[in-house]
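Asker: sequence-free structure coming up:
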Ligand SMILES: Nc1ncnc2c1ncn2[C@@H]1O[C@H](COP(=O)(O)OP(=O)(O)OP(=O)(O)O)[C@@H](O)[C@H]1O
């Protein structure tokens, strides 16, 4: 488990991280979300021993990154999608060999591991090709392999699929989900909220360095009052049918085009449809719009901005 208690980081006058309490257990992907400048990268850099906090404590599997940085570095690794973290003039295999040497991994362990990692990220065929000839997606996949070279217990992923084409991003997501299934603890920041929704069981939302909310994606959406919306198109909408629909529930709304809308925590699709039909309505279509995590994050961040203002 990685745990932070009252984590705080100041850059001069600027407070980038302000009292964060995070728990990142093994065996699942934990999300860290917030708008630009919320403090995500700063937090990840502290966990990765690249920055030192101003106050508060961090524990990485019981180790203190400030007092035991070398021991911590053996157990964690960082992959930042926006940064080039491999050498262009070396081949894929040479890169992994080089980073493996930095971790003092014995040759008899390192050699088979490099083979396994190249296989895992689908680069076996390009192992002997220089990285300067790789596509962006291949380079990013090699960065993932580099991040796994020390077989870390915890992996910190800062925008790992940034700028990648959809199929490559999807492959990477599978790799990340597989790592959590193996028992590794993963912390993920991403601007692609569909990715967070798919991968993360638990998400922290921060704003201006402060805790705003935490929970599963579904819980966060519920906290902000975001539910699925049922949109029923009625082809012969009349005042009588409208009255019956509006009487069904106080949350029913009428939208242009003969659409009856209901945004409700419970699934009332069947009951509302029956009410409309029984009052003489003819159905032209039924659409269910799922709430998005993006809406929830924006609502949470907006709320906090209003509180600050
Ligand atoms: N070295 C630094 N010196 C001064 N201010 C900094 C430094 N690094 C970060 N900051 C400030 O701290 C705040 C948090 O930055 P951070 O990069 O952690 O945010 P973020 O959530 O990762 O944002 P983004 O989504 O844009 O990457 C920002 O206001 C940023 O300008």
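Answerer: Perfect, thanks for sending it. Predicted model, so just to flag it, every value in this text is computed and none were measured.
Asker: surely residue 37 is in a helix?
Answerer: No: when the secondary structure is assigned by DSSP: H, G, I helix; E, B strand; the rest coil, residue 37 falls in coil instead of a helix.
Asker: nearest spatial neighbour of it, chain-adjacent residues omitted?
Answerer: residue 208 (7.9 Å; C-beta to C-beta, 6 or more residues apart in numbering). In short, each C-beta sits where N, CA and C put it, glycine included.
Asker: thought the one you found was touching residue 39?
Answerer: Yes: counting by C-beta atoms under 8 Å, residue 208 touches residue 39, with 7.3 Å between them.
Asker: count of residues packed around the residue nearest to residue 37?
Answerer: The burial metric for residue 208, expressed as a neighbour count using other C-beta atoms under 10 Å, is 18.
Asker: got phi/psi on it?
Answerer: With angles defined as degrees, to the nearest 10, residue 208 sits at phi 50, psi 40.
Asker: the one 5 residues further on too?
Answerer: For residue 213, the backbone dihedrals (degrees, to the nearest 10) come out as phi -170, psi 160.
Asker: quick check, pLDDT for the residue nearest to residue 37.
Answerer: On the pLDDT scale, residue 208 is placed at 89.
Asker: could you measure from it over to the ligand?
Answerer: For residue 208, the distance to the ligand under the criterion C-beta to the nearest ligand atom, to the nearest Å works out to 8 Å.
Asker: would you check how far apart that residue and residue 220 are?
Answerer: 18 Å (C-beta to C-beta, to the nearest Å).
Asker: repeat for residue 200
Answerer: The spacing between residue 200 and residue 220, counted by C-beta to C-beta, is 10 Å.
Asker: the two: which is more packed in?
Answerer: For residue 200 and residue 220, the more surrounded residue by other C-beta under 10 Å is residue 220, and the numbers stand at 27 against 24.
Asker: how much space between that one and the ligand?
Answerer: Note on residue 220: its distance to the ligand, by C-beta to the nearest ligand atom, is 17 Å.
Asker: which residues are contacting the helix or strand where that residue lies?
Answerer: In the assignment (DSSP states H and E), residue 220 maps to helix 217-223. For helix 217-223, the external contacting residues (C-beta atoms under 8 Å, 6 or more residues apart in numbering) are 31, 196-197, 200, 203, 205, 213-215, 227, 265, 291-293, 295-297, 300.
Asker: which ones among these are found in strands?
Answerer: Secondary structure of the contacts of helix 217-223 is defined by DSSP state E; positions in strands are 31, 200, 203, 205, 213, 214, 215.
Asker: correct me, but the third one touches residue 215?
Answerer: So that's residue 203. Yes: checked against C-beta under 8 Å, the pair residue 203 and residue 215 is within contact range at 6.8 Å.
Asker: so residue 8 is in which element?
Answerer: Per DSSP H and E, the secondary structure element for residue 8 is strand 2-11.
Asker: whoops, residue 288 was the one
Answerer: Counting by DSSP H and E, the element that carries residue 288 is strand 283-289.
Asker: other SSEs contacting that strand?
Answerer: Identification of packing neighbours for strand 283-289 by 3 or more C-beta pairs under 8 Å, 6 or more residues apart in numbering; DSSP states H and E yields strand 229-234, helix 269-278.
Asker: which helices and strands does the last one pack with?
Answerer: Spelled out, it's helix 269-278. By 3+ C-beta pairs under 8 Å, 6+ apart, helix 269-278 packs against strand 229-234, helix 239-248, strand 259-263, strand 283-289.
Asker: how far off centre is that helix?
Answerer: When C-alpha coordinates are averaged (C-alpha atoms, centre = their mean, to the nearest Å), helix 269-278 and its chain have centres 38 Å apart.
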